[in-house]
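K.L.:
sequence unknown, structure follows:
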């Protein structure tokens, strides 16, 4: 089993961070005054700290005094001139609040392992400040009307090792919430909640909200759906179990209930759209009987930009028939363009569609997203590497100014496409989530200019107590030789009697033609109006994520004053978090 899982997910080698800090004039805190001072107070001196991290120099200019503080040092390298035109000029006004930094720290995949041999990740999820977890693809637990077989071609594609797959099948079928569809849904003894309880409570213990997906996981058999009235009653009683304590249950206050997953693909929904509308309506109304304040929505469309029965048709049906729709969910994998701004563009389109149908208060939820949906071995290194880490960083920053309300990355655990290895070690994109999680400590978003929507993304925030200011920069480029990979399901994965979409007629988001990369080899960052004022002293810490660095502390200096300039090469793909904190 262990070797089978190792073939599915191999661990990566973490390279140690090496840096050396140079602080000219550290032995003498007295500096010559700047020319051009005025007033009775002498002008504050400018002190330059030149930092060498591997072969990457940094310059910091602070209005005030800079104290010596070296963090990690190794063999000194000669300083280089970083004052070239290839650096992006960023301006931050820490005194001008522009809004709140929103959390998009949502994931698919629970912290508790879904297969034998995978690690428990409760500690790591807390470290990343994950605050919402979707219950899709837990493979049995939390599924409704799902059955699994070892010979299912989709499941074999997902989990090639037969022994590992058989173990999962046995566990999944034993975990069915409502195993016998001839049983009475009103009776507690008709339900087997134990396995689902384990995962739901592990999400809660990790400090996250539960986003409950109603339906089936990938690779479930194509079994006929039960009576719709009974299905809706089962859904209602599951909500009663987790929110009202029914059947020795809980009071988890699960707010989001998402109906189904990707009905526009035949892998999950094998009936027509009218049947889908009917089952959603019955399930949504049943949930509202449990608690009218719970949020119900659908339908996690796979091809989010493509109009049709599961987008326009579904939303229009809900509007005409006054069916509750508190959110509309959708998915996007950027495999066609590798452009992190695509999610913003699609989010705008969906927001307009909801508003036009009278759902102005309905949320837009991006309940699956990633660079690619390809879970096979050929994409493993790309998904775990720095290219995807920078892509993820850009997306999480761009979503801040988007019409998207919530998002759940696919996926977070140590299964296929996950953020972690078999021993709980971080892959590169996990560090990106750690960086964006850190930004939530400074939720007051402040003005930042100079970033763009082509790949050089940045955001700045300050803490409510005025003691911390942070800037996050993510630098990404679409690979120059990028070609959209082909991902074809294995033969026989869809029964012959089930119609498949004509992908030649699918409406896809057109790639942007105006992307130009300029001044993106690094940054020159000027932060003004620091909240502690001209007399305040503070520390400056940098954390870098790159091919050779895993978000460890790159450098730390002390400074004073109400402004600071930092100049630093940061060639893509890379990410850097800069933390200023009062002493």
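P.N.:
Done, it's in. Values in this document were obtained by computation on a predicted structure and should not be read as measured data. Numbering: from 1, shown residues only.
K.L.:
Helices along the chain, start to end?
P.N.:
Applying DSSP state H to the chain gives helices spanning 2-8, 122-127, 153-158, 162-174, 194-205, 228-244, 273-290, 312-320, 342-356, 380-384, 386-398, 428-439.
K.L.:
and residue 157, how many residues sit next to it?
P.N.:
16 (other C-beta atoms under 10 Å). For glycine as for every other residue, the C-beta is placed from the backbone atoms N, C-alpha and C.
K.L.:
I'd like the helices of the chain as TSV, with mean pLDDT appended.
P.N.:
Converted to TSV, the helices of the chain look like this (pLDDT from 0 to 100):
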stretch	mean pLDDT
helix 2-8	42
helix 122-127	98
helix 153-158	94
helix 162-174	96
helix 194-205	98
helix 228-244	98
helix 273-290	98
helix 312-320	98
helix 342-356	98
helix 380-384	96
helix 386-398	98
helix 428-439	98
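K.L.:
winner for burial among those helices?
P.N.:
Each of those was scored by mean neighbour count; the highest is helix 386-398, a mean of 27, by mean count of other C-beta atoms under 10 Å.
K.L.:
tell me what that helix is packed against?
P.N.:
For helix 386-398, the packing partners by 3 or more C-beta pairs under 8 Å, 6 or more residues apart in numbering; DSSP states H and E come out as helix 342-356, helix 428-439, strand 456-462, strand 468-475, strand 537-546, strand 574-582.
K.L.:
now what about the longest one, what contacts it?
P.N.:
Under the contact criterion C-beta atoms under 8 Å, 6 or more residues apart in numbering, helix 342-356 has outside partners 304-305, 311-312, 315, 328, 330, 332, 334, 360, 362, 364, 366, 369, 395, 398-399, 401-404, 407, 453, 509.
K.L.:
Just the buried residues from those residues, in PyMOL please.
P.N.:
To isolate the buried ones among the contacts of helix 342-356 in PyMOL, judged by 16 or more other C-beta atoms under 10 Å, type:
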select buried, resi 304+305+311+315+328+330+332+334+362+364+366+369+395+398+399+402+403+404+407+453+509
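K.L.:
Can you tell me which residue sits nearest the middle of the chain?
P.N.:
residue 409 (4.1 Å; C-alpha atoms, centre = their mean).
K.L.:
That one against residue 128, yeah?
P.N.:
No - checked against C-beta atoms under 8 Å, the pair residue 409 and residue 128 is beyond contact range at 10.4 Å.
K.L.:
Which neighbours do those two have in common?
P.N.:
Taking C-beta under 8 Å, 6+ apart as the contact rule, residue 409 and residue 128 both touch 419, 433.
K.L.:
Residue 475: how many residues sit nearby?
P.N.:
If you count neighbours by other C-beta under 10 Å, residue 475 ends up with 26.
K.L.:
gap between the residue nearest to residue 492 when sequence neighbours are not counted and residue 489?
P.N.:
Nearest residue to residue 492 in three dimensions, chain neighbours excluded: residue 153, at 4.9 Å (C-beta to C-beta, 6 or more residues apart in numbering). Between residue 153 and residue 489 the distance is 8 Å, computed by C-beta to C-beta, to the nearest Å.
K.L.:
Next step: the contacts of helix 342-356 restricted to strands.
P.N.:
Judged by DSSP state E, these include 328, 330, 332, 364, 366, 369, 407 as members of strands.
K.L.:
okay, the closest residue to the fifth one other than its chain neighbours: pLDDT?
P.N.:
Distances taken as C-beta to C-beta, 6+ apart place residue 407 nearest to residue 366, at 4.1 Å, with adjacent residues excluded. On pLDDT, residue 407 comes in at 98.
K.L.:
Enumerate every residue touching residue 407.
P.N.:
104, 106, 343, 365-367, 369, 399.
K.L.:
Pick out whichever of those residues sits closest to residue 225.
P.N.:
Among the contacts of residue 407, residue 367 lies closest to residue 225 (C-beta to C-beta), at 21.3 Å.
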